[in-house]
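Enquirer: coords please:
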Amino acid sequence: MTDPVSIPWGKEIINLSLPSIWQVTGRFEPSTSIPPVDVHEAVKNAINGPVMAPALRASIKPGMHVAIVIDDLSRPTPVSQILPIILDEITSAGVNLPDITVVPALGVHRPMSEKEVRSRMGDRVPAEIK
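Expert: Numbering: from 1, shown residues only. A predicted model of the protein is given here:
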């Protein structure tokens with residue numbers, strides 16, 4: 001076996017042992033990009049003035065059912081800061097909380113538990129959100 005390879009996974013590190021016949025020639029690290037200084041302002045600007053699209057509010061009608069896709073724990077996106085701002089915009093436009101569903105985008109990653117989804121969404125997201 002070769003030296004273990006450490007892979008960041010959410011808030012944890014996974015250590016893998018690779019077969020000795022494998023040759024590790026390099027490692028690619030995830031980007032550690034820094035979120036905008038003011039996440040609230042950046043999100044408000046994005047939903048009020050998206051590139052080549054109408055503002056979010058112009059696409060929302062009272063009584064609509066809305067799905068919001070979030071990434072899973074493998075990404076550094078500050079979902080718990082972004083989601084409440086988007087929810088405020090959607091509910092202000094007339095969508096009821098029980099009509100909003102959050103869908104984790106997993107790709108080929110394992111399913112997230114309800115606890116992990118709630119943790120990713122943050123404490124400021126009401127329980128009525130599915």
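Enquirer: would you say residue 6 is within a helix?
Expert: No: according to DSSP: H, G, I helix; E, B strand; the rest coil, the state of residue 6 is strand, so it is not within a helix.
Enquirer: correct me if wrong: it contacts residue 14.
Expert: Yes: with contacts counted by Cβ atoms under 8 Å, residue 6 reaches residue 14, the gap being 7.3 Å. From N, CA and C alone the C-beta is placed, and that goes for glycine too.
Enquirer: for this structure, which segments count as helices?
Expert: With helices called from DSSP state H, the chain shows them at 39-48, 56-59, 79-92, 114-121.
Enquirer: highest mean neighbour count out of these?
Expert: Sort these by mean neighbour count, taking mean count of other Cβ atoms under 10 Å, and helix 79-92 sits at the top with a mean of 18.
Enquirer: ok, residues contacting that helix?
Expert: With contacts defined as Cβ atoms under 8 Å, 6 or more residues apart in numbering, helix 79-92 is touched by 35, 39-40, 43-44, 47, 56-57, 60, 66, 68, 70-71, 97, 100, 102, 120-126, 129.
Enquirer: and stretch 94-113, by the same measure?
Expert: Counting by Cβ under 8 Å, 6+ apart, stretch 94-113 makes contact with 60-74, 83, 87, 90-91, 117, 120-121, 125-126, 128-130, all of which sit outside it.
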